[in-house]
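[1] Sequence and predicted structure, then a few things I'm wondering about:
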Amino acid sequence: MSRASEPLQPVAMTTLLTTDLIGVSRGRSFPSDELDHYTSAGCGWVPANSALTPQDLIAEPNPWGAHGDLRLIPDLASRVRVGQGPDASAAPLDFIHADIRETDGQPWAACPRTLLRDEVQRYADKLELQVNAAFEHEFNLRRAVAQPERLAFSLQAQRQGADFGGWLLAALRAAGVEPEMFLPEYGKHQYEITCRPTLGVAAADRAVNVREITREIARQLGDSVSFAPKTGEDAVCNGVHLHLSLQDLDGAPVLYDPQRPDGLSRLGRQWAAGVLKYLPALCAFTAPTPLSYARLQPHHWSASYACLGQRNREASLRICPTVSIGGKPAAPQYNLEFRALDATASPHLAMAAVLIAGRLGIQQGLTLNAITDKVPHDLSADLREARGIVALPASLPQALDCLRNCPELLQELPAPLLETYFAVKHLEVKLTEHLTPAQLCEHYAHLY
């Protein structure tokens with residue numbers, strides 16, 4: 001006679017995670033107690049997965065078709081573990097960011113995390129600089145039980161989302177994300193989450209962590225969130241702001257110069273000039289969906305022209321204010337905010353592209369002219385032309401054309417990644433071109 005078996009208990013799982021070219025996190029899971037088995041050789045992956053559109057169709061032609069095999073190799077220092085949350089029955093969240101490699105261990109040319117890692121290393125090797133960065137995210141929160149609309153930035157709006165925000169901050173802390181603030185925003189049921197900066201690739205990893213942990217807390221509470229650039233035709237837009245500062249290899253800040261009226265050093269001016277020069281092409285990566293261009297409009301407090309401003313939220317690149325209260329020194333606080341970005345973008349790919357443009361500006365010794373602290377759309381066309389302030393693309397096809405016609409930027413990017421990205425985005429445009437503005441908002445609100 002056989003003995004009665006013990007009651008089954010769920011097996012704890014860990015996921016090897018890759019965040020792809022369209023900003024979607026995907027991966028494969030295994031029993032957590034078998035992590036040692038996957039530490040060095042990782043798990044299998046398929047090249048054509050990188051050709052998936054947000055609509056879950058593989059774009060063709062792509063460089064691989066049905067051929068090829070890859071490995072997801074875990075970066076153990078990036079592991080995220082979040083224990084019991086608001087739903088006590090939910091499995092703990094446990095994932096590790098991975099680099100995509102060939103089966104012989106060589107880097108895979110279309111891996112966005114590898115692209116960012118390589119660019120961060122170029123800053124160290126060629127410029128003797130470190131990159132310190134943080135992503136701010138805006139999103140819409142839809143509660144399981146319908147809630148009345150509250151006034152923008154109000155305590156009532158904060159209290160309405162306080163249980164969600166409290167769990168979210170706890171989960172982010174547990175994951176090592178170092179959250180700073182959870183706050184109600186201007187839009188209805190819109191919130192923002194910010195975190196402290198960190199060096200290199202970890203900054204983009206944190207952006208992924210914020211998005212996935214926010215979604216997980218919402219799921220456990222029976223709520224839903226959307227990071228889409230716009231969730232309704234008349235809704236306030238959701239942006240992502242990428243804060244960047246540069247340090248020398250000893251950690252001393254290099255963007256600040258107290259002798260200049262705006263505080264931006266000579267090196268910082270060259271870096272900013274590079275970003276602004278290539279910004280129309282960068283939009284293909286940082287504003288990468290048809291809906292992104294509903295946000296990049298004048299008077300939307302986002303970005304519609306390539307220009308730098310000191311306290312100008314209509315500038316695509318903003319010098320953030322420093323605080324002298326309490327005797328705080330300005331240099332460690334000083335950073336630039338890249339605003340032509342939303343959460344339909346891959347954090348790793350977008351950050352890498354911006355860094356490439358800034359590096360080119362330094363290497364080319366560019367002069368910074370495109371500066372205004374006024375709304376650029378309200379300047380005369382002649383004044384914008386004199387300052388080199390150019391309009392950003394008005395659509396994703398225009399942005400893709402700008403990228404295609406930018407050889408200096410193209411030669412800095414791996415050919416297989418570019419070929420895949422163009423295929424994905426062309427199919428995405430085709431799949432959505434029949435949608436009305438309202439339908440487009442609804443479509444991407446569901447996807448992101």
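    Received it, and whenever you're ready, just let me know what you need. Residues are numbered from 1 along each chain as shown.
[2] Dihedrals phi and psi, the residue at minimal distance from the centre of the chain?
    Central residue of the chain (CA atoms, centre = their mean): P347, 3.1 Å from the mean position. For P347, the backbone dihedrals (degrees, to the nearest 10) come out as phi -60, psi -40.
[3] residues contacting it?
    T19, G23, F135, A203, A204, D205, A207, V208 (CB atoms under 8 Å, 6 or more residues apart in numbering). C-beta here means a position set from N, CA and C on the backbone, and glycine is covered the same way.
[4] what does L317 give?
    A272, V275, L276, L279, A306, C307, L308, G309, L336, E337, F338, R339.
[5] elements contacting the helix or strand in which the second one is found?
    Okay, so that is V275. Element membership for V275, per DSSP states H and E: helix 266-286. In terms of contacts (3 or more CB pairs under 8 Å, 6 or more residues apart in numbering; DSSP states H and E), helix 266-286 is packed against strand 240-248, strand 305-306, strand 317-319, strand 336-338, helix 347-364, helix 396-404, helix 407-410, helix 415-432.
[6] what inclination does that helix have with respect to helix 415-432?
    50 degrees (axes from the mean of the first three to the mean of the last three CA atoms, to 10 degrees).
[7] Average pLDDT for helix 266-286, rounded please.
    Mean pLDDT, helix 266-286: 98.
[8] Over to stretch 107-120?
    The predicted model assigns stretch 107-120 a mean pLDDT of 98.
[9] who's in contact with that stretch?
    Residues outside stretch 107-120 that contact it (CB under 8 Å, 6+ apart) are 18-21, 47, 50, 63, 70, 97-102, 131, 200-201, 204, 346, 348-349, 351-352, 355-356, 359, 413-417, 420.
[10] list the buried ones in that stretch?
    Neighbour-count burial for stretch 107-120 flags 107-117, 119-120 (criterion: 16 or more other CB atoms under 10 Å).
[11] can you check stretch 18-33 too?
    Applying 16+ other CB under 10 Å to stretch 18-33 flags T18, T19, D20, L21, I22, G23, V24, S25, G27, R28 as buried.
[12] Quick one: end-to-end length of stretch 235-245, please.
    By CA to CA, to the nearest Å, the extent of stretch 235-245 from end to end equals 32 Å.
[13] Over it, what's the mean pLDDT, rounded is fine.
    For stretch 235-245, the mean confidence score works out to 97.
[14] for stretch 409-419, same thing?
    The model assigns stretch 409-419 a mean pLDDT of 98.
[15] Kindly export that stretch (C-alpha atoms) in CSV.
    Presented in CSV, the C-alpha positions along stretch 409-419 are these (Å, rounded to 0.1, in the frame of the first residue of the first chain):
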residue,chain,number,x,y,z
LEU,A,409,24.1,58.0,-35.6
LEU,A,410,23.4,54.9,-37.6
GLN,A,411,27.1,53.9,-37.8
GLU,A,412,27.2,53.9,-34.0
LEU,A,413,24.4,51.2,-33.8
PRO,A,414,24.6,47.5,-34.6
ALA,A,415,23.2,46.7,-38.1
PRO,A,416,21.1,43.7,-36.8
LEU,A,417,19.5,45.8,-34.1
LEU,A,418,18.7,48.6,-36.6
GLU,A,419,17.3,46.1,-39.2
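[16] Could you check it and say which residues are buried?
    Those would be L409, E412, L413, P414, P416, L417, L418, E419, for stretch 409-419 by 16+ other CB under 10 Å.
[17] Just the closest of the buried residues of stretch 18-33 to R150, please.
    R150 has its nearest neighbour among the buried residues of stretch 18-33 in G23, at 29.3 Å by CB to CB.
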